[in-house]
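[1] Return atomic coordinates for the entry below.
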Amino acid sequence: MDHPMNALAEKLQQVFRNVRGYGKLTEANTAEALREVRMALLAADVNYQVAKRFCDRVKEQTLGQEVQQSIRPGDLFVKIIHDELIALFQSGGTALDPARPLRIALCGLNGAGKTTSAAKLALHLKDRRERPFLVAADLARPAAAAQLATLAAQAGVPAFLPAPGVSLTDHLAAASEAARGASASVILYDLAGRTEVNDALLEELSAALEAIRPQECLLVADAALGQAAVGVAQAFHARARLTGLILSKFDGDARGGAAFSLQDVTGCPIKFLGTGEKIADFEPFQPERLVQRLLGMGDLYGLAQKVQESIDLEDTARLEEKLKKQSFDLQDFQDQMRMVKKLGPLQNVLGMIPGMGSVSNSAIDERGLKRTEAILGSMTPQERRQPDLISARRRQRIALGSGTSVTEVNQLLHRFRAMKKMMGKLTRGGRPEEQLKKMLRGRAF
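    Numbers count the residues shown, from 1 in each chain. Next up is the predicted model:
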């Protein structure tokens, strides 16, 4: 799946490439560039008024700037876009309230990922030496409490569930006592949701917040909502006095417009992103890193962090040495594939490398990757070490064992030899991003 900001990033970067060809910024060419920026934002499902206000601010900044001889006009335009995006996403601050014990209420519509986000946030806080305590506060849906209990067990965090027939007020009072007894430093309340915003939901939300008196009230919104997110956020913000936002499903095929629309309309900062299906796929929102990706600057800090968390650097050093010596084999290739998979979807990883965000999904055959894994798994360790020794009969058996064809086995061996040559070129210099794009387009993976 594409990262929700990749399509927008690709369109913005095309605009910037055009602008960098301008001899100077004029009212006419600035208007044309901003029209393209506005169209890119609208295509990403950004609310029309939000896109218009953003472009108006950029226009005011651009026409009010004197272009110095040392700065190219196109670079100035990109800098203004960068600064305006940072100003938009940083408004309100992204850190949680420092008070302890900290009470956090999570609200949102059913299906937005609210219960999952509560457990993910609890695990995130636990990893930072907090003592989180989950409270199931959706009395209308027993399944929500059961789901929270299951996720809490996965996170290794205590969860307080409602007793049968208990009132919401009594349940929240009992939860408060239980959290105090557990010496909780952060109490997370998974409040009731509905399939749509209605009076019943907002009345129950108001009653719960009156009883809890949270320092943080976070709206969990599905990143795929796009422009529809605006109405949802406005309704919740009017009744709940939101302090922040959690965008769930930020790894899916959403177009990313919710990130702009929610932040602009509510004035509340995005504080966290749900970046995958696993309970650990959750991270604090860092505006600078998102903006860098949008503008084609990559996110090398984020990539380095992922590598540090997921990959054995000694194994990486060993593979690098084998590449230099041209002794890279299919066993190393299999090890490398497993290593890269730990970083997450390949499209997301490429988006973190400067100049690689524009590599499209069509250049990455995910199903082909799975077939490649199956073929490698059907080989013996000796065959992976010495692929040139694989006989025609063995190729038939490998195909049978992997559920593929002999043609696909032959193609893999051919592509591996081509990739090995390409890797050799990468280690001998040149522009790595261009070589990698060629390798991806050639289906070397």
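[2] Give the residue spans of the stretch 251-400 of the chain that score low on pLDDT.
    Across the stretch 251-400 of the chain, residues meeting the criterion (pLDDT under 70) sit at 252-256, 293, 296-320, 322-326, 342-366.
[3] As a check, name the ranges of all strands in it.
    Per DSSP state E, counting those that start in this stretch, the stretch 251-400 of the chain carries strands over the ranges 270-274, 282-284.
[4] Can you give the domain ranges for the protein?
    Described in terms of automatic domain parsing, the domain architecture of the chain consists of the residue ranges 6-90, 102-285, 301-441.
[5] What helix or strand is Val157 located in?
    Following DSSP states H and E, one finds Val157 outside all helices and strands.
[6] My read is that it contacts His124, right?
    No: applying Cβ atoms under 8 Å as the test, Val157 and His124 come out as separate, 10.5 Å apart. Where you see a C-beta, it was placed from the backbone N, CA and C, and this is true even at glycine.
[7] quick one: contacts for the closest residue to Pro269 other than its chain neighbours?
    Of all residues not flanking Pro269 in the chain, Gly92 sits nearest, at 3.9 Å (Cβ to Cβ, 6 or more residues apart in numbering). Each residue near Gly92 by Cβ atoms under 8 Å, 6 or more residues apart in numbering is listed here: 244, 267-269.
[8] Could I get the buried residue list for the lengthiest helix in the chain?
    As assigned by DSSP state H, the longest helix anywhere in the chain is helix 406-427. Neighbour counts using 16 or more other Cβ atoms under 10 Å place 408-409, 411-413, 415-416, 419-420, 422-423 of helix 406-427 among the buried residues.
[9] Tell me which stretches of the stretch 1-150 of the chain form strands.
    Counting by DSSP E, counting those that start in this stretch, the strands of the stretch 1-150 of the chain are 102-107, 132-137.
[10] Please identify the deepest-packed of those strands.
    strand 132-137 (a mean of 28; mean count of other Cβ atoms under 10 Å).
[11] Paired strands for that one, with orientation please.
    If you go by DSSP bridges, strand 132-137 pairs up with strand 159-160 (parallel), strand 186-191 (parallel).
[12] Grab the CA positions of the next helix or strand after the longest one and hand them over as PDB.
    Going back to what we said before, that points to strand 186-191. Using DSSP H and E, the helix or strand that follows strand 186-191 towards the C-terminus is helix 199-212. Output of helix 199-212 as PDB, limited to C-alpha atoms (Å, rounded to 0.1, in the frame of the first residue of the first chain):
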ATOM      1  CA  ASP A 199     -26.900  13.900  20.000                       C
ATOM      2  CA  ALA A 200     -26.800  10.700  22.000                       C
ATOM      3  CA  LEU A 201     -23.100  10.300  21.400                       C
ATOM      4  CA  LEU A 202     -22.300  13.900  22.300                       C
ATOM      5  CA  GLU A 203     -24.400  13.800  25.500                       C
ATOM      6  CA  GLU A 204     -22.700  10.700  26.700                       C
ATOM      7  CA  LEU A 205     -19.300  12.200  25.800                       C
ATOM      8  CA  SER A 206     -20.100  15.300  27.800                       C
ATOM      9  CA  ALA A 207     -21.200  13.300  30.800                       C
ATOM     10  CA  ALA A 208     -18.000  11.100  30.700                       C
ATOM     11  CA  LEU A 209     -15.700  14.200  30.400                       C
ATOM     12  CA  GLU A 210     -17.500  15.900  33.300                       C
ATOM     13  CA  ALA A 211     -16.700  12.800  35.500                       C
ATOM     14  CA  ILE A 212     -13.200  12.300  34.300                       C
END
